[in-house]
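Enquirer: I would like to see how this sequence folds:
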Amino acid sequence: MDTIDNPVFVVGSPRSGTTLLRSMLDAHPSICCPTWETGVFDRLGPMLKGDFSTQEGEEANHALIDRAVVIDWLRRSVCDLMGLLTKHTGKPRWGEKTPAHVFQMDVISEIFPRAQFLHIVRNGRDVVRSLQNVAWAPRRIRWSVNRWVESVETGRRFGKMLGSDRYLEVRYEALRDKAAETLQEICAFLGEPFTPQLLEFHRPENNSWGVSQRALQKGPINRYRNLGFVERAFLKLRAGHLMRELGYN
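Expert: As a prediction, the model looks like this:
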């Protein structure tokens, strides 16, 4: 198998544990997953879903450029980019983590027909609470809740289309509380052997970049009780159905 054609994409709502999963994945002897989020499909995905035809004149229905040519160019460009980032590792397979790519899974799967997706899902209350406390996100409850709902629902919808051999939903809580068992499931899904060093991803000798990282943290996961009354009410109104569907009672 030409492993350059079956990359791994870590997607999900921001603040759902995508960084933790990326770090664990990068500790695998066969997978390099850079710390840098490319965001490439977040920017170019909408273009590929757009209109490649001329907008006026006699040739209004004539395509300015063949979409297949753009797809091929993007595939080669991404592979070249990831190759630059991973060439020093000697690992045969690469992964990429950009949470917003959850909205471009259809485009990514078209560009890489053998790509596999790890969609990490976390309790919406914890995600919203976390989003309310990061500088880069709008500190508006409506935005935070909508972002979680849209990310999760979009990822699951695309997952049903891709099938169980290309899509795996990973719960953040399971990754923390039952890390070994969850990582074994992930490795089986990816067709890669499980190795205990995935649990020691924070050690410099176990990751692609030779740096110390924050180890897996133990302690309370649920911090939603810190949300105010109005925030909890809006969360229940907008996301209650999804919370129940996911089993977050």
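
Enquirer: Least confident secondary structure element in this structure?
Expert: The helix or strand of the chain with the poorest confidence is helix 40-48; it has a mean of 85 (mean pLDDT, DSSP states H and E).

Enquirer: Just name whatever secondary elements it is in contact with.
Expert: The contact analysis (3 or more Cβ pairs under 8 Å, 6 or more residues apart in numbering; DSSP states H and E) places helix 40-48 against helix 67-86, helix 105-111. Quick note: C-beta positions are derived from backbone N, CA and C, even for glycine.

Enquirer: relative to helix 67-86, how tilted is that helix?
Expert: Angle, helix 40-48 to helix 67-86, by axes from the mean of the first three to the mean of the last three Cα atoms, to 10 degrees: 170 degrees.

Enquirer: For whichever strand or helix holds Gly159, name the packing helices and strands.
Expert: Using DSSP states H and E, Gly159 maps to helix 141-162. Under the contact criterion of 3+ Cβ pairs under 8 Å, 6+ apart, helix 141-162 touches strand 8-12, helix 105-111, strand 116-121, helix 124-131, strand 167-171, helix 229-246.

Enquirer: and if we set it to 7 Å?
Expert: strand 8-12, helix 105-111, strand 116-121, helix 124-131, helix 229-246 (3 or more Cβ pairs under 7 Å, 6 or more residues apart in numbering; DSSP states H and E).

Enquirer: Any chance you could list what contacts the last one?
Expert: To tie it back to what came earlier, the one meant is helix 229-246. Val121, Gly124, Arg125, Val128, Ile141, Arg142, Val145, Asn146, Trp148, Val149, Val152, Glu153 (Cβ atoms under 7 Å, 6 or more residues apart in numbering).

Enquirer: Let me see the confidence value for Lys171.
Expert: Wrong residue type there; residue 171 is Arg, not Lys. Note on Arg171: pLDDT of 97.

Enquirer: hang on, I meant Asp177
Expert: For Asp177, the model assigns a pLDDT of 92.

Enquirer: repeat for Asn226
Expert: Looking at Asn226, the pLDDT reads 71.

Enquirer: Same check on His101?
Expert: You'll see His101 listed with a pLDDT of 97.

Enquirer: Number of residues surrounding it?
Expert: His101: 25 surrounding residues under other Cβ atoms under 10 Å.

Enquirer: ok, now Gly50?
Expert: 9.

Enquirer: begin at 46 from here
Expert: Will do, 46 is the new start, and the previous item becomes Gly95.

Enquirer: Val152 versus that one, what's the distance?
Expert: Between Gly95 and Val152 the computed distance is 11 Å (Cβ to Cβ, to the nearest Å).
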